[in-house]
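Peer 1: for reference, the sequence and a predicted model appear below.
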Amino acid sequence: MAMVYERSEGLVNVQTHYCPGCTHGVIHKLVAEVLVELDVLGDTIGVAPVGCSVLAYDYFNCDMHEAAHGRAPAVATGIKRVKPNNVVFTYQGDGDLASIGTAEIVHVAHRSENITTIFVNNAIYGMTGGQMAPTTLIGQKATTAQAGRTVEGMGMPLRMSEMLATVPGAAYIERVSVHSPAAIRKAKKAIKNAFQYQLDGKGFSMVEVLSTCPTNWGINPVDSLKWLEENMIPYYPLGNFRTPGEEK
Amino acid sequence: MSKVLMKGNEAISEAAIRAGCKAFFGYPITPQNEIPEYMSREMPKNGGVFVQAESEVAAINMVYGAAGCGVRTMTSSSSPGIALKQEGISYIAGAELPCVIVNIVRGGPGLGGIQPAQSDYNQSTRGGGNGDYKLLVYAPGNLQEMVDLVQESFDKADYYRNPVMVVGDGMIGQMMEPIEFRPAPKMDLPAQPWATTGTKGERKPNIINSLFLKPEQLEDHNIRLTAKYATMKENEQRFETFNMEKAEVVCVAYGTTSRIVKNAIVALKEEGIEVGLIRPITLWPFPQKAFAEYPETAKSILCVEMSMGQMIDDIRIVNEGRLPVDFYGRSGGMIPTPEAIEEKLRSMVGGAK
């Protein structure tokens, strides 16, 4: 019988710590498969964030470096500058990248560091228990916005891809989602493009992946996918925001 | 080898390059700007990299990344900038990575000033970041010692897999002195099988990390780190003594201040007043061995610092109550004069003899 599906060589065979229905596992899988397909797994150094994916280093079958909250782009800069021939990526959540680490992500794009960032946006702080993120939608409930986020006081949700696409050094910025098999296939293509940009030495590439958090959203896994599609995508439109020579 | 006349900050930079530093990450702050400036010019010529980071926070995290790859790396800053780096320093110590951090101290707290001070003693020796960790902290007293120690720092950092801090002040950073670049004493350095360089499919992934979610594991980690610090404490204490034989008062001073104290000691000797000096060269480990035995003549200790009295606690600990400990200090960028120190010492011995 032909083998139609197996665990990617890019992932270590361990039990997951992610909650049921969480899409981090899917995103890990996509990154791992891309690294194997591009034949760079043995040259890759990943940088893990703080947040739910803090244990990403337990899953990827490549060298990994844990960073402080928000600092992954700076750590990745240090790595890439001394190991320019290695493939370097950061894997960051929205609290990590869009809140405490906004300076680091803006400047890694600004310097056009030749690294790839996988930005997982689930519109909430997961690991710390469901507090509001800069990406939390208006009206969305969080433990620090119990009646739902309002514009007054906390402003509108931050659109990082749109923002980073305005940075001259950003080479490739795309937003994707993993709410359906078709969306997952597109997400993988974008992730592969982003790493290819790095391999071609074109500078900073980032893929923002819209992701679910059934536990902290208080929605079951299937309905979470639907919630993502119906609520997140209208505010965080999917698509490419920047490729070289195509400033949008 | 011939001597060259160099400014302190530039001499630090050149010493680092000669020690094999291949990556420098920094952010401008007075009075250490000649270091990133020199590095920006000279590192690329010497096969190294220089990045002016967007902040001190980013700079130390770039150091963290490069150090994880097993590359000799360095950052420099001044007091408020070092305060911002403390998060990263804690991570680097926790992950047991080698690096060198230079602090050209200025007055504080807060934005403080830009003049020389020694008010970062606690920040350097107590660990400004979170958790149980220690840095090897050198406080050179002149530029020759500065360049020697900067070079040696890279070996010590590699040997212990620990950050090493070199503390100067605005005066030592800005002054010029003749120096000779001498090869540092050779150490047997361990291999770096832990470095993140890519598995090449030939080994299991390396993980640079300081997270231990299981308390038993974190405690084990802390116990192991503490054992390493105990070894450093035993082997790395360094100090100089001066005119201690018949000293009635034992001064304790480091860095720039120790030079001023030496002048005061020479002047008082002409008046028949015998004052000795213990000059800590390592602030951590504090040179306890220098205090094991005092000369029979010793009646008291004077801590002299350009701070409001930060080293005095360490002196009291190693003194174990044997002699009274007094303090003379200036702060805010004010530099003590030999005359003022002499006056203080005269008052301690009951006037001129």
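Peer 2: Structure received. Here the structure is a predicted model, which is why all the values come from computation and not from measurement.

Peer 1: any weak-confidence spans in chain A?
Peer 2: A:244-248 (pLDDT under 70).

Peer 1: chain B contacts on that one?
Peer 2: A:12, A:41-45, A:47, A:54, A:57, A:60-68, A:71, A:74-83, A:86, A:103-104, A:106-107, A:110-111 (CB under 8 Å from any CB of the partner chain). (Each C-beta comes from the backbone N, C-alpha and C, glycine too.)

Peer 1: what residue of the chain is the furthest out?
Peer 2: Just going to use chain A. A:Met1 (35.7 Å; CA atoms, centre = their mean).

Peer 1: let's do chain B instead
Peer 2: Within chain B, B:Gly201 marks the point farthest from the mean C-alpha position, 40.5 Å out by CA atoms, centre = their mean.

Peer 1: what sits against the nearest residue to it once chain neighbours are set aside?
Peer 2: Ranked by CB to CB, 6 or more residues apart in numbering or on different chains and with sequence neighbours excluded, the top spatial neighbour of B:Gly201 is A:Gly42, at 4.1 Å. A:Gly42 makes contact with A:62, B:198-202, according to CB atoms under 8 Å, 6 or more residues apart in numbering or on different chains.

Peer 1: sorry, back to before: taking the residues of chain A next to chain B one by one, which sit in strands?
Peer 2: A:44-45, A:47, A:63-66 (DSSP state E).

Peer 1: neighbours around A:Val54, how many?
Peer 2: Counted with other CB atoms under 10 Å in any protein chain shown, the neighbours of A:Val54 add up to 21.

Peer 1: go on, B:Ile223?
Peer 2: 10.

Peer 1: now it: which helix or strand?
Peer 2: helix B:215-235 (DSSP states H and E).

Peer 1: now whichever helix or strand comes after that helix: mean pLDDT?
Peer 2: Next along the chain after helix B:215-235, taking DSSP H and E as the criterion, comes strand B:239-242. Per-residue pLDDT values across strand B:239-242 average out to 98.

Peer 1: ok, now stretch B:316-324?
Peer 2: Mean pLDDT, stretch B:316-324: 98.

Peer 1: what are the buried residues along it?
Peer 2: Neighbour-count burial for stretch B:316-324 flags B:318-319, B:323 (criterion: 16 or more other CB atoms under 10 Å in any protein chain shown).

Peer 1: chain A: which of those residues is nearest?
Peer 2: B:Val318 (34.5 Å; CB to the nearest CB).

Peer 1: ok, now which ones touch whatever residue of chain A ends up closest to chain B?
Peer 2: Closest approach between chain A and chain B, counting by CB to the nearest CB: A:Gly78, at 2.7 Å. Contact partners of A:Gly78, counting by CB under 8 Å, 6+ apart, are B:23, B:25, B:61-69, B:73.

Peer 1: change it to 6 Å
Peer 2: Taking CB atoms under 6 Å, 6 or more residues apart in numbering or on different chains, we find A:Gly78 in contact with B:62, B:65-66.

Peer 1: run a quick neighbour tally on residue 110.
Peer 2: Unless you meant another one, I'm taking chain A. For A:His110, using other CB under 10 Å, the count is 15.

Peer 1: try again with chain B
Peer 2: 9.

Peer 1: name the nearest residue to residue 65, ignoring sequence neighbours.
Peer 2: You didn't say which chain, so I picked chain A. Of all residues not flanking A:His65 in the chain, B:Ile208 sits nearest, at 4.3 Å (CB to CB, 6+ apart).

Peer 1: chain B was what I was after
Peer 2: A:Gly78 (2.7 Å).

Peer 1: quick check: longest helix of chain A.
Peer 2: What stands out as the longest helix in chain A, according to DSSP state H, is helix A:181-199.

Peer 1: return the set of buried residues in that helix.
Peer 2: Buried, per 16+ other CB under 10 Å, within helix A:181-199: A:183-184, A:186-188, A:190-195, A:197-198.

Peer 1: with stretch A:214-228 instead?
Peer 2: Neighbour-count burial for stretch A:214-228 [16+ other CB under 10 Å]: A:214-217, A:219, A:224-225, A:227-228.

Peer 1: same check on stretch A:139-148?
Peer 2: A:140-142, A:145.

Peer 1: put the alpha carbons of it into PDB.
Peer 2: What follows is stretch A:139-148, C-alpha atoms only, in PDB (Å, rounded to 0.1, in the frame of the first residue of the first chain):
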ATOM      1  CA  GLY A 139     -16.300  43.200  20.900                       C
ATOM      2  CA  GLN A 140     -14.200  40.000  21.500                       C
ATOM      3  CA  LYS A 141     -14.100  39.000  25.100                       C
ATOM      4  CA  ALA A 142     -10.900  38.500  27.000                       C
ATOM      5  CA  THR A 143     -10.100  38.100  30.700                       C
ATOM      6  CA  THR A 144      -8.800  41.700  30.700                       C
ATOM      7  CA  ALA A 145     -11.600  42.900  28.500                       C
ATOM      8  CA  GLN A 146     -14.500  41.000  30.100                       C
ATOM      9  CA  ALA A 147     -17.300  43.000  28.400                       C
ATOM     10  CA  GLY A 148     -15.500  42.800  25.100                       C
END
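
Peer 1: give me the distance from it to the chain's centre.
Peer 2: Distance, stretch centre to chain centre, for stretch A:139-148: 23 Å (CA atoms, centre = their mean, to the nearest Å).

Peer 1: quick one: contacts of it?
Peer 2: So stretch A:139-148 is contacted by A:124, A:130-132, A:136, A:149 (CB under 6 Å, 6+ apart).
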